[in-house]
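>>> Return a 3D structure for these sequence lines:
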Amino acid sequence: GTNQIVGGYNPLDWEGGGIIKDTQDSFIFNFTDFRDINTGKIGRVTSASYALICNHQWGPIFGNGHDLSMNFEIDDYEAFQVVRK
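Numbering: from 1, shown residues only. Model prediction:
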């Protein structure tokens with residue numbers, strides 16, 4: 001195993017087969033070592049009209065195209081819902 005953490009945030013729903021959704025609020029992140037916050041990088045939306053694609057076969061696609069392709073095994077998967085109070 002590694003100490004890497006890769007993730008993202010999306011304020012919209014994941015419904016839709018291949019539907020492109022608009023937002024400026026999504027982002028992706030990467031920590032090459034989760035024990036060291038200084039290894040963190042964040043990627044923000046550059047074009048809101050291609051912020052994300054919802055795809056049941058490939059999972060979430062952030063951005064326009066397949067710029068980041070990964071082949072890995074998942075040790076743990078968590079999803080959180082943010083609720084405004």
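
>>> Ignoring the adjacent residues along the chain, who's closest to residue 43?
residue 28 (4.6 Å; C-beta to C-beta, 6 or more residues apart in numbering). Heads up, the C-betas are built off the backbone N, CA and C, glycines and all.

>>> Test my guess that that neighbour contacts residue 5.
No: using C-beta atoms under 8 Å, residue 28 makes no contact with residue 5, being 11.4 Å away.

>>> which of these two has more neighbours?
residue 28 (19 against 15; other C-beta atoms under 10 Å).

>>> Look at residue 30 and say how many residues are nearby.
So residue 30, with other C-beta under 10 Å, has 15 neighbours.

>>> which secondary structure element contains it?
Using DSSP states H and E, residue 30 falls within strand 27-31.

>>> Give the partner strands of that strand in its sheet and their orientations.
strand 5-9 (antiparallel), strand 40-44 (antiparallel) (DSSP bridges).

>>> And for the last one, what's in contact with it?
In other words, strand 40-44. 27, 28, 29, 30, 31, 62 (C-beta atoms under 8 Å, 6 or more residues apart in numbering).

>>> same question, the first one
Defining contact as C-beta under 8 Å, 6+ apart, one finds that strand 5-9 is touched by 25, 26, 27, 28, 29, 30, 31, 34, 60, 62, 70.

>>> can we see that at 7 Å?
26, 27, 28, 29, 30, 31, 34, 60, 62 (C-beta atoms under 7 Å, 6 or more residues apart in numbering).

>>> all strands for the chain, in order.
5-9, 19-21, 27-31, 40-44, 52-54, 61-62 (DSSP state E).

>>> Run the chain-centre distance for the third one.
With C-alpha atoms, centre = their mean, to the nearest Å as the basis, strand 27-31 stands 7 Å off its chain's centre.

>>> Pull it out as PDB, backbone CA atoms only.
The C-alpha trace of strand 27-31 is given here as PDB (Å, rounded to 0.1, in the frame of the first residue of the first chain):
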ATOM      1  CA  PHE A  27     -12.400  20.400  -7.100                       C
ATOM      2  CA  ILE A  28     -10.000  17.400  -7.000                       C
ATOM      3  CA  PHE A  29      -7.200  16.900  -4.600                       C
ATOM      4  CA  ASN A  30      -4.200  14.700  -4.000                       C
ATOM      5  CA  PHE A  31      -1.900  14.000  -1.100                       C
END
